[in-house]
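Participant: here's a sequence, model it:
(chains A and B)
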Amino acid sequence: MRRDRKRGFTLIELLVVIAIIAILVALLLPAVQSAREAARRTQCKNNLKQIGIAIHAYAEINKAFPMGAMGYKNGDIKDNVESWGWPAMILPQMDNEPLFNEIGVNSITLEQLLSNATSAADLDILRPLEIYRCPSDTTGERLQSGMKRYHFNGNGMPNNGGAGLGDNWRPPTCNYAGSVGYSEVCIPNNMSDRKNDGVLFNMSNVRFRDIEDGSSNTFLAGEREKRCGAGSWIGNRNPRGAGTHGADYVHARVFVLLNHPSNSGNDNCTDGFSSKHPGGAHFLMCDGTVRFVSDAIDFNRPTGDNNNNAINLSNAQKQALGVYQRLGVRDDGQDIGAF
Amino acid sequence: MSVSKQLCVLAAAVTLAGCGGGPDVGSVSGVVTLDGKPLSEASILFTPVEGGRASAATSDAQGNYQLQYTQAIDGALIGEHIVTIATGGEYYDKDGNEHEREELVPDFYNNSREYKQTVAAGSNTIDLKLSSGQSSGSSESEEANSYDGVE
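Facilitator: Okay, here's the model as predicted:
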């Protein structure tokens, strides 16, 4: 009898074993549940990394970063036409030169391509590209109606209106927006009015030496998700044309709070950076690294208005910029510290 | 007995370890008015003077606003804030179309960075009473503003 008693285990011992197993499972469970989001996040980060490598390859060849948007018509710089965006311009470096040639980024403007189309099938070549989409985002392959922006029915598409497209054609999604810096996402018609202080803006021609704050301290691009209005890789839609318009298909600015809580009214997140990843968003820096920036990052903007008529920032205003803003502006001359 | 006691302590420690953290915020709501009339669809930004993330809100048709720190967390960081209020710029209607809106708020409230409010721990009601007579750059009149500003 005594021998049998020794072989079994007591209630306390059993409870200890159960408790230990319970603790181990409790530690494991949250990790299992977030594994899918972690995987999507990693893929999203990798997409940005690929974009960074492609932009650097572009900069090697052209001695400058790509234009944020190619807004011109008949040889004149314009910001009221449909214009190719930087994601279209780096297609050869993204290993997709055939598509680059087929849509004719170097030969015709986006406005021409859109207005030459006589049916929806003519625009099928503007197809969704997986590499420009963050897997965590819920927008889908193309922009959806009900979003803050989703169509290309501006002034530049007269024939499409005639062909019955207009509101019905949806541009392919892009979750990565180029950083225009602090000021408006779209420069005014008169280019002497103001200069964007980021890297990828309308008709930009930024070289490495222009990034005075250091390429590891300056945003090149970041994310935008469905709630705040994802963009399209093909480019901008008639940014300053009459009626409805939009310049933020391929651009975003640090004037707006990262992951801004509100998406209505003005100053809202449609001009800013945002992601579905909890707690922040990925940013591609000008040196090609990808960093996850917390949305608790220091935020301060020295001007409060909507910047529609803003002038260049003064030195005093540059000193008042928050860390987030300093990361967006390429030549503020302010120290960033750890972020 | 001692084993089960230790277990209890361990279990308590594991449970409590998950708690705590999060930003130090106080909830903020109120009404924004211009010359006594409710200001609708104004975007309101509270930027902490000490540094950190700003909080934002958009007022409704009656001028009511409630600050959000992030989408999930209501409120603003505790301490003094620079308050900026703007109605101008672009906004999107329900159909997703973009429109230009007129700036109704005087420069003092959206550009001078002199209009300040303090957020305390817990729940705050901060009514933003704007006056169109407010001129930019005069810090004396800021004091008058907190007593309603209307002469």
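Participant: check whether the helix or strand that A:Ile23 is a member of contacts chain B.
Facilitator: Using DSSP states H and E, A:Ile23 sits in helix A:11-33. Yes. Helix A:11-33 reaches chain B (C-beta under 8 Å from any C-beta of the partner chain) through A:12, A:15-16, A:19, A:23, A:26. Backbone N, C-alpha and C define where each C-beta goes, glycine included.
Participant: quick check: bridge partners of the closest residue to chain A within chain B?
Facilitator: Relative to chain A, the nearest point of chain B is B:Gly89 (3.0 Å; C-beta to the nearest C-beta). For B:Gly89, the beta-bridge partners are B:Arg101 (DSSP bridges).
Participant: pLDDT below threshold where in the stretch 201-339 of chain A?
Facilitator: A:240-246, A:264-267, A:304-311 (pLDDT under 70).
Participant: quick one: the strands in it?
Facilitator: Assigned by DSSP state E, counting those that start in this stretch, the stretch 201-339 of chain A shows strands spanning A:219-223, A:231-232, A:235-236, A:251-252, A:280-285, A:290-294.
Participant: test my guess that A:Leu123 contacts A:Ser115.
Facilitator: No. A:Leu123 is beyond contact range of A:Ser115, at 11.0 Å (criterion: C-beta atoms under 8 Å).
Participant: between these two, who's got more neighbours?
Facilitator: More crowded of A:Leu123 and A:Ser115, by other C-beta atoms under 10 Å in any protein chain shown: A:Leu123, with 22 against 19.
Participant: hmm, the longest strand anywhere in chain B in reach of chain A?
Facilitator: Secondary structure assigned by DSSP state E gives strand B:25-34 as the longest strand of chain B. No. Judged by C-beta under 8 Å from any C-beta, strand B:25-34 makes no contact with chain A; its nearest approach is 10.9 Å.
Participant: could you list every helix and strand in contact with that strand?
Facilitator: strand B:64-66, strand B:76-77, strand B:116-119, strand B:123-125, strand B:128-130 (3 or more C-beta pairs under 8 Å, 6 or more residues apart in numbering or on different chains; DSSP states H and E).
Participant: show me what contacts B:Gly30?
Facilitator: The neighbours of B:Gly30, taking C-beta atoms under 8 Å, 6 or more residues apart in numbering or on different chains as the test, are B:64-65, B:124-128.
Participant: for ChimeraX, write the select line for the buried members of the residues you listed.
Facilitator: Buried subset of those, written as a ChimeraX selection, criterion 16 or more other C-beta atoms under 10 Å in any protein chain shown:
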select /B:65,124,126,128
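Participant: tell me which two of the contacts of B:Gly30 sit farthest apart.
Facilitator: Greatest spatial distance among these (C-beta to C-beta): B:Asn64 and B:Asn124, at 14.1 Å.
Participant: before we move on, back to that, next, count neighbours for the residue of chain B closest to chain A.
Facilitator: If you count neighbours by other C-beta under 10 Å, B:Gly89 ends up with 21.
Participant: immediately after the helix holding A:Ile23, which helix or strand?
Facilitator: Next along the chain from helix A:11-33, counting by DSSP H and E, comes helix A:35-62.
Participant: who's B:Ala57 bridged to?
Facilitator: According to DSSP bridges, beta-bridge pairing links B:Ala57 with B:Ile44.
Participant: what about it, how many residues nearby?
Facilitator: Neighbours around B:Ala57, by other C-beta under 10 Å: 25.
Participant: thought it was touching B:Leu67?
Facilitator: Yes. Look at B:Ala57 against B:Leu67 with C-beta under 8 Å: they come within range, at 4.8 Å.
Participant: between the strands of the stretch 201-339 of chain A, which gets nearest to A:Lys73?
Facilitator: Per C-beta to C-beta, nearest to A:Lys73 of these: strand A:235-236, 12.9 Å.
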